[in-house]
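**Student:** Can you look at this prediction? I've put the sequence above it.
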There are 2 protein chains.
Amino acid sequence: MDGRSVRKPGPPVTSSQVAEVAGVSQSAVSRTFTPGASISPKTRAKVLAAARDLGYRPNAIARSLITSRSRIIGVVMAYLENQFYPTVLEVLGRQLRQLNYHMLLFTGFDAADSDSVFDQIMQYRVDGIILASTGLSSALAEECMAAGIPVVLFNRTTQRDVVSSVTTDNHAGGWRIADFLVAGGHRRFAYIAGVADSSTNRDRHGGFAAGLAAHGFGPPVVRVGNYTTRQAAIAARELMGLAEPPDAIFVANDHMAVAVIDTLRHEFGLRVPADISVVGYDNVEPAAWAGYAITTVSQPAEPMVAATLDLLMRQIDSGAIAPTHRVLPGDLIVRRSARLPPRGLIERDGATLYRPDHSLAVLTKDAAP
Amino acid sequence: MDGRSVRKPGPPVTSSQVAEVAGVSQSAVSRTFTPGASISPKTRAKVLAAARDLGYRPNAIARSLITSRSRIIGVVMAYLENQFYPTVLEVLGRQLRQLNYHMLLFTGFDAADSDSVFDQIMQYRVDGIILASTGLSSALAEECMAAGIPVVLFNRTTQRDVVSSVTTDNHAGGWRIADFLVAGGHRRFAYIAGVADSSTNRDRHGGFAAGLAAHGFGPPVVRVGNYTTRQAAIAARELMGLAEPPDAIFVANDHMAVAVIDTLRHEFGLRVPADISVVGYDNVEPAAWAGYAITTVSQPAEPMVAATLDLLMRQIDSGAIAPTHRVLPGDLIVRRSARLPPRGLIERDGATLYRPDHSLAVLTKDAAP
DNA sequence: CTGAAAGCGCTTACAG
DNA sequence: CTGAAAGCGCTTACAG
């Protein structure tokens, strides 16, 4: 047995034990592990050697207590069924690690648990909170603000302008889908909504309706899917049972769009897009699967998370809590679930995008489809 | 403004401040928030009133330091693209909350980061660790064991029998798929592997080969997909380019099976299952989507997580670390991606299962398909 | 049942 | 650069 690196399980080693072995003060040990602290190379070397021999690791809990910085971010994400959220979580994990922060994840609960979640999150003295689940009342966000703890809403905003948020331009996205569908020759429009009072739903819906209006169309027929596949399928059935069924459906997210396409194909025997067009939102992984090939608006997780952490870190570092809103652009990714318009399609990085304002460029520089 | 419940942002309230307002000792405040501590109803009421007025919440960090129990479980899940893992995460969140534990999530990293992840997890003095990602070296698990911190491997085991684990019976699952495919009249078998040296892959592969052998067939043709959709698609292409392409493919998980089915249909114009059968593993949500309707073996997240936490809590409570292995049953869920055998299908809770040993029951009690 | 006091493992002025 | 000491916000014997 090599006496140096072996340590039998027991209480973890403390800085005092390291100090004793190294023959220095406990302060010196602490300084060795505090970047930028004043310590001579010689002392430092002695401490490092002793620490290695003993298997010492600073106790982050004790450090948090004295610094009142836990370096933990609370992430509230009630719901992971929609693939968009796991993707975000992975990106969050990566970016947080680079910032040397950690993630306390709260997931798998419904509105009823929301009080207890708030309580837990407060007890752990997280340095900041990311709220990313639609189901949660915005009251939670305001409670955190009131408690003086930095919060950023991810992929949603609140009615009252009190808490920072990061979203993509959902209104513009909805509008562009209207442009795209109208240009594609559709005439009867439907919208399958998410949770009716969620901000993403309101903005996508509002943008879509405004875009249709700009082309002289009335508002779309609306059914509510509440972001669930089951209700989205029901909504699709209702829509197809109408006297004048739609020839184009904008579904508030890809997660529901999958269920809608399945219903259209397998229950109604319809061809998508030959008989009816479907457009989704989010550009989640399944949207790219050949079996669905959903035309959709992207919500780029990487920049969204980066913006979220930027906002959060600013709040943490400054202590200031003036609400800021970052709205990132998305792109209409054209695949095969909706009929194509005659112009406005461009190629970028192997994807086809709809950018009607770029149609000149398409004609002169890019290959027209 | 109601002076009672409003508190301006600032440093959080401490037990001493509550004590002062309530006119009791700091100990009394602590006891009020310690279940089972000795405190009179009268004192307790005074403390509770003061706490409410001040917006006091016990500091979990300080509590952890003195009790040396953080009530935090480290969850290591490098990879969330496969829907199985987000599902597990949600269940984990729910069950952990019921136990009054919290989840520090480590995700979005590769093998290169694994040392730093281990370091971080140790610094936060988590009470236990759940390792659920295939990419991570089992060395990490053994390091944790060596450090005396309870670990349970989720959905994998290590070669050496030193750390506890929870899996489903992957060997039996692979075997059952062989039974099912042989009974369905298939004759040329292929296997698209996950990460070659992962335990789930070895067991599924081994069970499949053993099952085929039991029916007098040689080993399946094997290609490696490494649990990625991209490599699975390549594997499918290679298989179909063979002089004698398979008429049945067992894909090591549903996540890859989706890509395989897409490749078969959209690149080779094949009908699934009329031309070729595909069976997956995990029973993730997309497997149930009508567009794929994948026949697959279930890995029930709820009981798997329950078993994992049971094992972990036992270790935490007892301090004992004798490795235990829990192997849960899965079921072959029959959908439409593989040709059906003439018997052995039964209905349970709206799903069709393949249970050849129950075929008598099918004939007498259940409706045969 | 209650309070005074010690102590968990650190960081950080303070004085040298 | 270094060490002795105070203190972060709690829990928990200990004595009453």
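**Tutor:** All right, it came through fine.
**Student:** neighbours around residue A:44, how many?
**Tutor:** 18 (other CB atoms under 10 Å in any protein chain shown). Any C-beta I mention is one placed from the backbone N, CA and C, and that applies to glycine too.
**Student:** what does the model give it for pLDDT?
**Tutor:** What the model reports as pLDDT for residue A:44 is 94.
**Student:** and it, what is it in contact with?
**Tutor:** Neighbouring residues of residue A:44 by CB atoms under 8 Å, 6 or more residues apart in numbering or on different chains: residue A:32.
**Student:** Just after the one helix or strand it maps to, pick out the following helix or strand.
**Tutor:** Take DSSP states H and E as the rule and residue A:44 turns out to sit in helix A:41-54. Later in the chain than helix A:41-54, the nearest helix or strand by DSSP H and E is helix A:60-67.
**Student:** following that following helix, which helix or strand comes up?
**Tutor:** Helix A:60-67 is succeeded, C-terminally, by strand A:72-76 (DSSP H and E).
**Student:** Which strands or helices does that following strand pack on?
**Tutor:** Other helices and strands packing on strand A:72-76, by 3 or more CB pairs under 8 Å, 6 or more residues apart in numbering or on different chains; DSSP states H and E, are helix A:84-98, strand A:102-106, helix A:114-123, strand A:128-131.
**Student:** would you turn these into JSON lines with mean pLDDT and mean neighbour count?
**Tutor:** Formatted as JSON lines, these follow (pLDDT from 0 to 100; neighbours: other CB atoms under 10 Å in any protein chain shown):
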{"stretch": "helix A:84-98", "mean pLDDT": "96", "mean neighbour count": "22"}
{"stretch": "strand A:102-106", "mean pLDDT": "96", "mean neighbour count": "24"}
{"stretch": "helix A:114-123", "mean pLDDT": "86", "mean neighbour count": "18"}
{"stretch": "strand A:128-131", "mean pLDDT": "94", "mean neighbour count": "25"}
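**Student:** list the buried ones in stretch A:290-304?
**Tutor:** A:290, A:291, A:292, A:293, A:294, A:295, A:296, A:297, A:298, A:299, A:301, A:304 (16 or more other CB atoms under 10 Å in any protein chain shown).
**Student:** Which residues are in contact with the third one?
**Tutor:** Applying CB under 8 Å, 6+ apart to residue A:292 gives the contacts A:257, A:258, A:261, A:286, A:337, B:291.
**Student:** Before we go further, it is sitting in a helix, right?
**Tutor:** No - read with DSSP: H, G, I helix; E, B strand; the rest coil, residue A:292 is coil and lies in no helix.
**Student:** Relative to DNA strand C, how far out is it?
**Tutor:** Note on residue A:292: its distance to DNA strand C, by CB to the nearest atom of the strand, to the nearest Å, is 51 Å.
**Student:** now the fourth one
**Tutor:** Look at residue A:293 and DNA strand C: by CB to the nearest atom of the strand, they are 53 Å apart.
**Student:** pretty sure that residue contacts residue A:337?
**Tutor:** Yes - counting by CB atoms under 8 Å, residue A:337 is a contact partner of residue A:293 at 5.9 Å.
**Student:** shared neighbours of those two, which are they?
**Tutor:** With CB under 8 Å, 6+ apart applied, the contact sets of residue A:293 and residue A:337 do not overlap.
**Student:** count of neighbours near the closest residue to residue A:267 other than its chain neighbours?
**Tutor:** Nearest residue to residue A:267, sequence neighbours excluded (CB to CB, 6 or more residues apart in numbering or on different chains): residue A:237, at 7.0 Å. Applying other CB under 10 Å, we find 15 residues neighbouring residue A:237.
**Student:** Phi, psi for residue A:237 please.
**Tutor:** phi -60, psi -50 (degrees, to the nearest 10).
**Student:** Quick check: it vs chain B, distance?
**Tutor:** 13 Å (CB to the nearest CB, to the nearest Å).
**Student:** what does residue A:264 give?
**Tutor:** 10 Å.
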